[in-house]
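Enquirer: everything below, folded, please.
(chains A, B, C and D, ligands or ions: 2)
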2 protein chains.
Amino acid sequence: MFKKETEYALRGMVYIQIQNLKDRRPGVAEIAHEIEAPFFYTAKIFQRLAKQGFVRSLKGKGGGFFLDPEKKDLPLKEIIIAIEGNELFIGCGFGLKNCDENNPCPLHQQYGLIRDEINRLVSGETIQSLALSSMTKNVSLGFSRENSEKKS
Amino acid sequence: MFKKETEYALRGMVYIQIQNLKDRRPGVAEIAHEIEAPFFYTAKIFQRLAKQGFVRSLKGKGGGFFLDPEKKDLPLKEIIIAIEGNELFIGCGFGLKNCDENNPCPLHQQYGLIRDEINRLVSGETIQSLALSSMTKNVSLGFSRENSEKKS
DNA sequence: TTATTAAAAGACAAAAAGGTCTTTTAATAT
DNA sequence: ATATTAAAAGACCTTTTTGTCTTTTAATAA
Ligand code: FES
Ligand code: FES
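Expert: Ligands and ions are numbered 1, 2, ... in the order given. Prediction:
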């Protein structure tokens, strides 16, 4: 569905926000480890997100990443579009140059419903909303879910 | 959503089947033109599809592609999986190694619904079903829809 | 002010996807 | 038989995606 870069970005941002809510500022090493992404690739991705203003960062000791309080309630859709464009949200499921009601592909009606659902999902959720539900529910951002180690 | 190769394959197969229903066997040049795909790339894609048994072909004069009558009612899903694997149909929307009810990502429930919809669509439609609805309805496989030139 | 820490910048490289082209093989028509 | 047609095979290339690594900049701590 999404590009790997998008997946890493979303998982990482949710992780950052969860930590921010605990008054922590994770660095690249910690983020990459937690979301099971390659260190250097994660670094590059968050560097870009910082430049685009989706996350903020501090250098040096005690530094790391955190979300601008004004950005944590942005719909996921905005982040996704910034990374991979909006083809998924407006494009034709059959690959026609543009999805056009007046020149529909054979999947137009049915695919339209799916695309609407996708749009609803990414418009309705935010990094903050996912971070909060991740903390209450038993939810995972990588292989090792440490949200709920106290299971035994 | 799908890879370009998948899109070309599906559009091309629907076109082939429409022509087959008119007792024609289109060649690569015609297919590529009709679905607006690069000639050589289309050739390669249909070569693969032929080797995998999804389409059949005849060389030489009057040659071209046609669907095995037994294959034309295969769900799109089988063709798609043969081309790009089944990640889209079983994978996690957040990019976790596997979508696991017992280790869900923050999008698990909501993405699950979308994934189910996608599965329903590609399991319920076939090349034949799309070819038939393409002929009755006013439907397009490329830019120039010649299904309905007699509009004036 | 110097050492240490951690992100920013940017070059580099491997892999996958997308695309092009030439040569060979197999049909048909003359 | 041979000329023609069209797919099969396969080499090759380009772009995008994914990933790696080194050097530089900025912050803090001692
Ligand atoms: S034209 Fe294909 S989805 Fe609308
Ligand atoms: S775990 Fe992510 S969709 Fe199921």
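Enquirer: let me know the pLDDT of A:Leu141.
Expert: Listed pLDDT for A:Leu141 reads 87.
Enquirer: mind checking the SS state of it?
Expert: Here A:Leu141 takes the coil state, with states given by DSSP: H, G, I helix; E, B strand; the rest coil.
Enquirer: wait, it sits on A:Met13?
Expert: No: using CB atoms under 8 Å as the test, A:Leu141 is too far from A:Met13 to be in contact (10.1 Å). In this view, the C-beta of every residue, glycine as well, is placed from N, C-alpha and C.
Enquirer: ok, these two, which is more surrounded?
Expert: It is A:Met13, of A:Leu141 and A:Met13, that has more neighbours when counted by other CB atoms under 10 Å in any protein chain shown, with 29 against 26.
Enquirer: the closest residue to that one other than its chain neighbours: how many residues sit nearby?
Expert: Distance criterion CB to CB, 6 or more residues apart in numbering or on different chains; nearest residue to A:Met13, sequence neighbours excluded, is A:Ile127 at 4.8 Å. For A:Ile127, the count of nearby residues is 28 (other CB under 10 Å).
Enquirer: cool, A:Glu70 as well?
Expert: Residues lying near A:Glu70 (other CB under 10 Å) number 8.
Enquirer: how near is it to A:Met1?
Expert: From A:Glu70 across to A:Met1, the span is 28 Å (CB to CB, to the nearest Å).
Enquirer: helices or strands up against the lowest-mean-pLDDT helix or strand in chain A?
Expert: Ranked by mean pLDDT, DSSP states H and E, the helix or strand of chain A with the weakest confidence is helix A:127-136, at a mean of 95. On a contact count with 3 or more CB pairs under 8 Å, 6 or more residues apart in numbering or on different chains; DSSP states H and E, helix A:127-136 meets helix A:4-21, helix A:76-84.
Enquirer: right, so those helices: which one is the most enclosed?
Expert: Most buried of the helices and strands packed on helix A:127-136 by mean neighbour count (mean count of other CB atoms under 10 Å in any protein chain shown) is helix A:4-21; its value is a mean of 23.
Enquirer: for that helix, name the packing helices and strands.
Expert: Identification of packing neighbours for helix A:4-21 by 3+ CB pairs under 8 Å, 6+ apart yields helix A:28-35, helix A:39-51, strand A:64-66, helix A:76-84, helix A:127-136.
Enquirer: any weak-confidence spans in chain A?
Expert: For chain A, the stretches with pLDDT under 70 are A:143-152.
Enquirer: what residues does it put near DNA strand D?
Expert: Counting by CB under 7 Å from any atom of the strand, chain A comes close to DNA strand D at A:3-5, A:8, A:37-41, A:43-44, A:58-63, A:84.
Enquirer: please pick the buried ones from those residues.
Expert: The neighbour-count test (16 or more other CB atoms under 10 Å in any protein chain shown) marks A:Glu5, A:Tyr8, A:Ala37, A:Ala43 as buried among these.
Enquirer: so who does the second one touch?
Expert: It refers to A:Tyr8. Applying CB atoms under 8 Å, 6 or more residues apart in numbering or on different chains, one finds that A:Tyr8 lies in contact with A:Ile35, A:Ala37, A:Tyr41, A:Thr42, A:Ile45, B:Gly95.
Enquirer: how about the helices and strands packed on helix A:4-21 in a markdown table, adding distance to A:Glu117?
Expert: Output for the helices and strands packed on helix A:4-21, formatted as a markdown table (distance: least, CB to CB, whole Å):
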| stretch | distance to A:Glu117 |
| --- | --- |
| helix A:28-35 | 25 |
| helix A:39-51 | 26 |
| strand A:64-66 | 31 |
| helix A:76-84 | 13 |
| helix A:127-136 | 17 |
